[in-house]
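Novice: A predicted structure for the sequence below; I have some questions about it.
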Amino acid sequence: MRPAPTDTEAWNAYLAEGNARQARKRVSADVILHDLAGRILTVNPTYKEGWDLPGGMAEANEPPDEAAVRELREELGLEITIRRLLVVDWVAPHGPWDDQIAFIFDAGTLPPARVETVRPHDDELSEAVFLPASEVADRLRTRQRNRLNAAVRAISDGSMRYLRDGVEAW
């Protein structure tokens, strides 16, 4: 029997049961950060093969945009401002992982003096470089490459993109 919402303690316990059974999604949050030449910041993680966009995984109950800001501060010592959402990608279960929601945000353009100082600040990254979009795409795995290409198109035409497992859904 479902309790009445007026019985606050019983109602909250009832809602908590439902919350415990609902899906929990892993969330990643990356950024597109340009230099004045239009090159994109790209990082080389030490914990997996291939290059990636800067960012990372959200912590429990952390908003994706705040996760991106935190990750760039921790890994690169950069203080960024999120300008807008570019891409949302639902990633199907793969390997040992459940499904995931991946976000890419526009973080604007870094001033030249700051570009010259970008270096990894922890052991999760071995390199951080600004590259033309085509070179970034060549270094990324397929799913990330598709996400990057969608983000570049979103910047160009001003329309956010929704992907399902790296493929534009609509």
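Specialist: Yep, that arrived.

Novice: what about the residue most central in space within the chain, distance to A37?
Specialist: Among the residues of the chain, the one closest to the centroid is A29, at 1.7 Å (C-alpha atoms, centre = their mean). Distance check for A29 against A37: by C-beta to C-beta, to the nearest Å, it reads 25 Å. (Each C-beta comes from the backbone N, C-alpha and C, glycine too.)

Novice: What of W97?
Specialist: Distance from W97 to A37, by C-beta to C-beta: 36 Å.

Novice: again with Q144
Specialist: In terms of C-beta to C-beta, Q144 sits 22 Å off from A37.

Novice: before we move on, the earlier item: backbone dihedrals for the residue nearest to the centre of the chain, please?
Specialist: phi -140, psi 110 (degrees, to the nearest 10).

Novice: For the lowest-mean-pLDDT helix or strand in the chain, give me every contacting residue.
Specialist: Ranked by mean pLDDT, DSSP states H and E, the weakest helix or strand in the chain is helix 8-21, scoring a mean of 83. The contact list for helix 8-21, computed with C-beta atoms under 8 Å, 6 or more residues apart in numbering, reads R2, P3, A4, P5.

Novice: now it, how far from the chain's geometric center?
Specialist: With C-alpha atoms, centre = their mean, to the nearest Å as the basis, helix 8-21 stands 31 Å off its chain's centre.

Novice: Buried ones in it, by neighbour count?
Specialist: Y14 (16 or more other C-beta atoms under 10 Å).

Novice: try stretch 143-155
Specialist: Of the residues in stretch 143-155, those buried (16+ other C-beta under 10 Å) are R143, Q144, R145, N146, R147, L148, N149, A150, A151, V152, A154, I155.

Novice: Strands along this structure, start to end?
Specialist: 26-34, 40-45, 55-57, 84-91, 100-109, 125-131, 161-164, 167-168 (DSSP state E).

Novice: what pLDDT, on average, does the second one get?
Specialist: Meaning strand 40-45. In this model, strand 40-45 has an average pLDDT of 98.

Novice: Tell me what angle it forms with strand 26-34.
Specialist: Strand 40-45 runs at 130 degrees relative to strand 26-34, counting by axes from the mean of the first three to the mean of the last three C-alpha atoms, to 10 degrees.

Novice: for the record, mean pLDDT for the helix ranked longest in the chain?
Specialist: Longest helix in the chain by number of residues, with DSSP state H as the criterion: helix 142-157. For helix 142-157, mean pLDDT is 96.

Novice: For that helix, name the packing helices and strands.
Specialist: strand 26-34, strand 84-91, strand 100-109, helix 133-139, strand 161-164 (3 or more C-beta pairs under 8 Å, 6 or more residues apart in numbering; DSSP states H and E).

Novice: Cheers, nothing more for now.
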